[in-house]
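> With the sequence up front, the predicted model follows.
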Amino acid sequence: MQGKTVLITGASRGIGAEAGRVFAAAGANVVLVARSRDQIETLAAGLGDNTIALACDVSDFAQVEQVVADCVDRFGGLDVLIGNAGVIEPIFHLSNADTEAWSQAIDINLKGVFYGMRAALPVMRAAGGGTILTVSSGAASNPVEAWSHYCASKAGAKMLTECLHLEEGHHGIRAIGLSPGTVATDMQRVIKASGINPVSQLDWEDHIPADWPARALLWMCSKESEAYLGTEISLRQDEIRKRIGLT
């Protein structure tokens, strides 16, 4: 990744923050993007001069376009986009779902992924290619009680990634989704507090560490992942874990 530029959304904590650390350690120029500027500025400060922090609400296309433009101004291009920003709170059944909160999840989890792709594609196509990775979930393929907003948005983002591969693969755009399984992040604390559905009953030790999906994202930028272009890989699969070197 030496000299390559990576933009990570939802980089203030969890998988996004760990991805920032992993890609910076691999020699990449890293652009950390999140709504909370303070958290990403603190993280960026510890990762060196080739890491910058940009505040952005991914549900606003104008803001997403601007951070991509700022990224290009600072580093001269964009090689990898990681669509990681996502929310699950509040957790509620369809019968009492708050319509505005439900819609906001779609705006962040689904529209935010699309906006990132739409803003990055002109830059990547002009450069002859690039990699766009989407952090997905098992909820993209399986219904989960009280997660209708999350399941629907992640299913949409999964299909967006497949459409991206179909339309842009021949332009050198590499598109892959990552389903990490349950990860030891703050999101799991929200899920645990809800007390709804089997996922909330899992113990903290049941979740994988956040650096595993971060390391998987790095591996997905390599030629070793070519066979998975246009698909979604799952860290629940032992074969995938072995190929990435996760133990």
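Sure thing, it's come through.

> and Leu160, how many neighbours does it have?
When neighbours are counted by other C-beta atoms under 10 Å, Leu160 registers 21. Using the backbone N, CA and C atoms, a C-beta is placed for each residue, glycine as well.

> make that Asp49, sorry
Around Asp49 there are 7 residues (other C-beta under 10 Å).

> what kind of secondary structure is it in?
Secondary structure assignment for Asp49 (DSSP: H, G, I helix; E, B strand; the rest coil): coil.

> Quick check: Val64 touching Tyr115?
Yes. Contact criterion C-beta atoms under 8 Å: Val64 and Tyr115 qualify, at 4.3 Å.

> Find the residues that touch each one of these two.
Val58 (C-beta atoms under 8 Å, 6 or more residues apart in numbering).

> State the three-state secondary structure for Val123.
helix.

> What residues does it make contact with?
Contacts of Val123 by C-beta under 8 Å, 6+ apart are 68, 72, 77-78, 130.

> In contact with the closest residue to Ser137 other than its chain neighbours, which residues?
Excluding the flanking residues, the one nearest Ser137 by C-beta to C-beta, 6 or more residues apart in numbering is Lys154, at 4.6 Å. Shown in contact with Lys154 (C-beta under 8 Å, 6+ apart): 86, 109, 136-137, 139-140.

> go on, Val68?
7, 78, 116, 119-120, 123.

> Tell me which of the contacts of Val123 fall in strands.
Among the contacts of Val123, DSSP state E puts Gly130 in strands.

> Which of the contacts of Val123 fall in helices?
Secondary structure of the contacts of Val123 is defined by DSSP state H; positions in helices are 68, 72.

> quick one: the helices in this protein?
Here the chain has its helices, by DSSP H, at 14-25, 37-45, 61-75, 99-106, 112-127, 148-168, 186-194, 211-219, 238-244.

> Pretty sure Leu121 sits against Glu168.
Yes. Applying C-beta under 8 Å, one finds Leu121 in contact with Glu168, separated by 6.7 Å.

> Adding distance to Met1 and pLDDT, write the contacts of Val68 out as a markdown table.
Converted to a markdown table, the contacts of Val68 look like this (distance: C-beta to C-beta, whole Å; pLDDT from 0 to 100):
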| residue | distance to Met1 | pLDDT |
| --- | --- | --- |
| Leu7 | 13 | 98 |
| Leu78 | 13 | 98 |
| Gly116 | 19 | 98 |
| Ala119 | 21 | 98 |
| Ala120 | 17 | 98 |
| Val123 | 18 | 98 |
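
> Centre-most residue in the chain?
Geometric centre of the chain, nearest residue: Asn84, 1.8 Å, by C-alpha atoms, centre = their mean.

> right, and that residue touches Leu7 too?
No. Using C-beta under 8 Å, Asn84 makes no contact with Leu7, being 10.1 Å away.

> Tell me the confidence at Ala126?
In this model, Ala126 is scored at 96, pLDDT.

> And for Ser194?
pLDDT for Ser194: 86.

> likewise Val190?
For Val190, the predicted pLDDT is 86.

> Please give me every residue in contact with it.
88-89, 91.

> Give the buried residues for the helix or strand of the chain with the lowest mean pLDDT.
Using mean pLDDT, DSSP states H and E, helix 186-194 stands out as the lowest-scoring helix or strand of the chain, at a mean of 84. Within helix 186-194, the residues that qualify as buried are 187-188, 191, 194, counting by 16 or more other C-beta atoms under 10 Å.

> Would you quantify the distance from the residue at the greatest distance from the centre of the chain to Cys163?
Outermost residue of the chain with respect to the C-alpha centroid, by C-alpha atoms, centre = their mean, is Ser95; its distance is 29.2 Å. Distance, Ser95 to Cys163, by C-beta to C-beta, to the nearest Å: 32 Å.

> can you list contacts of stretch 205-223?
Contacts for stretch 205-223 (C-beta under 8 Å, 6+ apart): 1, 4, 14-15, 17-19, 21-23, 26, 80, 82, 131, 133, 135, 176, 178, 180-185, 188, 225, 228, 233, 235, 240, 243-246.
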